[in-house]
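>>> prediction below, plus the sequence it came from.
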Number of protein chains: 2
Amino acid sequence: MAPTPQPATQPATPPAPHRAKGRPRSAAADRAILDATREALAELGWGGLTMGDVAVRAGVAKTTLYRRWPSKNELVVDAVASLFDELEIADRGSLRADIADVVAQFADLLARPESQAALLALFAEGSRDPQLRRRIREHIVDPQKRLVHEGLAHAVARGEVPADGDATAIAEQIDIIFDTIAGAVEHRMLVIGEPADPVWINRFIDLLLNQGLVSGCPGC
Amino acid sequence: MAPTPQPATQPATPPAPHRAKGRPRSAAADRAILDATREALAELGWGGLTMGDVAVRAGVAKTTLYRRWPSKNELVVDAVASLFDELEIADRGSLRADIADVVAQFADLLARPESQAALLALFAEGSRDPQLRRRIREHIVDPQKRLVHEGLAHAVARGEVPADGDATAIAEQIDIIFDTIAGAVEHRMLVIGEPADPVWINRFIDLLLNQGLVSGCPGC
DNA sequence: GAGATACGCTACGACCTGTAGCGAATAGAG
DNA sequence: CTCTATTCGCTACAGGTCGTAGCGTATCTC
């Protein structure tokens, strides 16, 4: 989701976004625009954000925005999606710790004021636009799930999880666990408005990995 | 969240919204406007919705909208919040069944096309507006949690849950369970875009009430 | 019937979107 | 160094939307 080449000739191949003939686009302007967009989004929300305001904040002309993004919608998508580029997986010694680490990163991301209105508005648009939903899955959801799957691979390498056990079933379970935790973190931050602190995160992972919440292990 | 009295004199007391002196406001117009708003929301999303369009769909003048709601924002909030008035608790014989019932109602609500963009956009606005967030908690979140608490009271009456056990702790656990399931349902419907069918719901409640997902009860 | 209010209609100013045209600036190619 | 292509900032613009104001008419209470 780098600034897309907006001129009429669409190369269709990702490697060379725009041919280097004339004056190159200012990378500083790219960054300034995306930063200004996130800033304005945090202050004004999706509805209050205007292209003219973003241009003023970024110190560029409004036409410079439209050379890079065809509409406000696309600009906001890129500004929000770029937040998720920082997510990383670190081998912290156990499957549980790896999951906790990714969840904590996600919680930190959602704790930023610019993420909240932006991400929700992005999801709202995605609910009407299948193509946008696909981009959301590719750039936001899948990277997170990929991190957990990498963590699972580490766990198998450590012998923590039996490799002979039905691997796809375990992968599906990881998917469900991640959906659950991501949803819970989102709900807590975006709907309730309270931060998902480490204690809260630990409690959830206890619940999901070890035991039921209400009465321990009633079925055991 | 009934249509608020917009005239200058704000009674500040809920029971009598507007004094009955002149011609009363058309209740049919109220319903037509809210219905038209939800319809337009489903088709066009928050950003594409226009007051003029809603007025045309509802068959009323645009000024009639502004006599009831001060802005588009408030109108949409009311239109969305009214969806949650239908949520009910039924004593289905077990705590688990009661929870499953509420969750299924919530999932059905989120499955409606008009709910998705509307609810997310509502949450997005709430992330910037503490007063709106409070209204969301009062009219959407708390009613759901209240249902689960009522279900818990039924469970205690049935002897399913020990009343001597730390009641507040159990209530907190119920809160967390509900947050988790609500978040997961929201994530599945609003972010991923796939329905939370009964099988999926059952799987989640198994996870939350009975046993961990990955390896049964490893700590038992 | 008198008074008060809602209704539909039209018109309006302010704002935002996205586009077009201009001259100046900045890169590579010959 | 010159030529060419592209970007940049600036100004202006048409189109659409928001929310308000004014008017005559309709409908309710006293």
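Nice, thanks for sending it over.

>>> what's in contact with the longest helix along chain A?
Counting by DSSP state H, the longest helix found in chain A is helix A:27-48. For helix A:27-48, the surrounding residues in contact (Cβ atoms under 8 Å, 6 or more residues apart in numbering or on different chains) are A:3, A:49-50, A:53-55, A:57-60, A:64-65, A:68, A:75-76, A:78-80, A:82-83, A:112-114, A:116-118, A:121, A:124, B:46-47, B:73, B:121, B:124-125, B:127-128. For every residue, glycine as well, the C-beta is placed using N, CA and C.

>>> report whether it contacts DNA strand D.
Yes. Against DNA strand D, helix A:27-48 shows contacts by Cβ under 7 Å from any atom of the strand at residue A:29.

>>> so what secondary structure elements neighbour the helix or strand following that helix?
Scanning forward in sequence from helix A:27-48 by DSSP states H and E, the next helix or strand is helix A:51-58. Applying 3 or more Cβ pairs under 8 Å, 6 or more residues apart in numbering or on different chains; DSSP states H and E, one finds that helix A:51-58 contacts helix A:27-48, helix A:62-68, helix A:72-81.

>>> what about stretch A:47-63, near DNA strand C?
Yes. Using Cβ under 7 Å from any atom of the strand, stretch A:47-63 reaches DNA strand C at A:49-53, A:62-63.

>>> tell me how far the ends of that stretch are from each other?
Counting by Cα to Cα, to the nearest Å, you get 20 Å between the two ends of stretch A:47-63.

>>> how about that stretch, which residues are buried there?
For stretch A:47-63, the neighbour count (16 or more other Cβ atoms under 10 Å in any protein chain shown) marks A:47, A:49, A:51, A:53-55, A:57-58, A:60 as buried.

>>> what would those look like in JSON lines with pLDDT and distance to residue B:21?
Shown next, in JSON lines, are the buried residues of stretch A:47-63 (pLDDT from 0 to 100; distance: Cβ to Cβ, whole Å):
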{"residue": "A:47", "pLDDT": "80", "distance to residue B:21": "36"}
{"residue": "A:49", "pLDDT": "92", "distance to residue B:21": "43"}
{"residue": "A:51", "pLDDT": "96", "distance to residue B:21": "47"}
{"residue": "A:53", "pLDDT": "97", "distance to residue B:21": "44"}
{"residue": "A:54", "pLDDT": "97", "distance to residue B:21": "48"}
{"residue": "A:55", "pLDDT": "97", "distance to residue B:21": "51"}
{"residue": "A:57", "pLDDT": "97", "distance to residue B:21": "50"}
{"residue": "A:58", "pLDDT": "97", "distance to residue B:21": "54"}
{"residue": "A:60", "pLDDT": "97", "distance to residue B:21": "56"}
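
>>> reformat the residues you listed as JSON lines; add distance to residue A:208.
JSON lines is the format used below for those (distance: Cβ to Cβ, whole Å):
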{"residue": "A:47", "distance to residue A:208": "36"}
{"residue": "A:49", "distance to residue A:208": "37"}
{"residue": "A:51", "distance to residue A:208": "43"}
{"residue": "A:53", "distance to residue A:208": "43"}
{"residue": "A:54", "distance to residue A:208": "40"}
{"residue": "A:55", "distance to residue A:208": "45"}
{"residue": "A:57", "distance to residue A:208": "41"}
{"residue": "A:58", "distance to residue A:208": "42"}
{"residue": "A:60", "distance to residue A:208": "46"}
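
>>> tell me which of the residues you listed is nearest to residue B:89?
Distance to residue B:89, by Cβ to Cβ, is smallest for residue A:47 among these, at 35.0 Å.
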